[in-house]
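# From the sequence below, what's the structure:
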Amino acid sequence: MIKQLTAIILASLLWILPGCSKPKNGLKVAATPVPHAELLEFVKPDLKAQGIDLIIITTEDYNMPNRALANRDVDANFFQHIPFMDQQIQQFHYSIESIGKIELEPMGIYSKKIRSLSDLKDNGTIALPNDPTNEARALLLLQEQGIIQLDDANNLSATILNISSNPKNIHFLEVDAAMLPRSLDDVDAAAINTNYALEAKLSPLKDALVLESKDSPYANVIAVRTGDETRPDIVALKKAMTSEKMRDFIEKKYKGAIIPAF
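All right, here's what the predicted structure looks like:
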């Protein structure tokens, strides 16, 4: 995180030094490494052919991309779903918006200790993402599997305080999303976002005990500042990211672990 912010600050300083200028056609996009940066890398040559220099800034900190976008350190970001973006807009008053859904990364429940959620013992421990929207997402998935019941079955802002029924008296450990794969040695199971599962060499289709269904509301989007959605370079980015060429790439590379959402 420090490295990424330092890089942004240094780049900004270089642009204002005498004799230096910001690349005229540079398009800076903040993204988490897998799969978002990989998908951006795929369209980079096509954008280059249109005279657009795509600059990809990677980070594993979920709070950095929207802050950088609002502060004009980047032109767009690609890492989040709409419930997360809406929560950040409400909390920080960012003037940002989605320009389109790109792909869905089904959240999964993983374990090194059990082979099925039916094997989960009383008083077991499950690790959850500690950011509000992904914690709710994990709880909704556990509710689907009958592990818990929430006081509102459709609450996209649910926390562990909204659990109304917990027959097995499961304990919940709230962990930074990026650290969840490392928690598997210490808990009975963990709800892990697909991007972090892939980074940890976990296969959602082979290793997950359960996965979200394809009708999940958590498709990942490209976000830009409000008012920038008609910029020619932003329009070109959206077109490249929602092309049939991109659809084929997602389907062939990720083999169902990530699903096109356009």
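# so Y94, which of the three states?
Secondary structure for Y94, judged by DSSP: H, G, I helix; E, B strand; the rest coil, is coil.
# which ones are touching the closest residue in space to it that isn't next to it in sequence?
The shortest distance from Y94 to any non-neighbouring residue, by C-beta to C-beta, 6 or more residues apart in numbering, is to A70 (4.5 Å). (C-beta placed from N, C-alpha, C; glycine too.) Applying C-beta atoms under 8 Å, 6 or more residues apart in numbering to A70 gives the contacts F92, Y94, S95, I96, R225.
# Got phi/psi on the residue nearest to Q149 when sequence neighbours are not counted?
The shortest distance from Q149 to any non-neighbouring residue, by C-beta to C-beta, 6+ apart, is to S165 (3.6 Å). Here is the backbone geometry of S165 (degrees, to the nearest 10): phi -140, psi 130.
# and S165, how many residues sit next to it?
11 (other C-beta atoms under 10 Å).
# repeat for the one 3 residues further on
Counted with other C-beta under 10 Å, residues neighbouring K168 total 13.
# That one against S118, yeah?
No: counting by C-beta atoms under 8 Å, S118 is not a contact partner of K168; they are 10.7 Å apart.
# ok, I52 - contacts?
Contacts of I52 (C-beta under 8 Å, 6+ apart): N25, L27, D233, A236, L237.
# any idea how far the helix or strand harbouring the second one is from the chain center?
Which is L27. Assigned by DSSP states H and E, L27 belongs to strand 26-31. Offset of strand 26-31 from its chain centre (C-alpha atoms, centre = their mean, to the nearest Å): 16 Å.
# now stretch 108-124
With C-alpha atoms, centre = their mean, you get 24 Å for stretch 108-124.
# cool, stretch 214-226 as well?
How far stretch 214-226 lies from its chain's middle: 9 Å, per C-alpha atoms, centre = their mean.
# Residues in contact with it: which ones?
With C-beta under 8 Å, 6+ apart, stretch 214-226 has contacts from 29, 36, 65-66, 69-70, 72, 75-83, 85, 95-107, 137, 156, 212, 231, 234, 237-238, 241, 259, 261.
# What separation is there between the residue nearest to Q149 and V187?
For S165, the distance to V187 equals 21 Å [C-beta to C-beta, to the nearest Å].
# pLDDT weak spots in this structure?
Applying pLDDT under 70 to the chain flags the ranges 1-25.
# Run through the helices of it in chain order.
Using DSSP state H, the helices of the chain run over 2-16, 38-49, 64-70, 82-92, 132-144, 194-199, 204-207, 232-241, 244-254.
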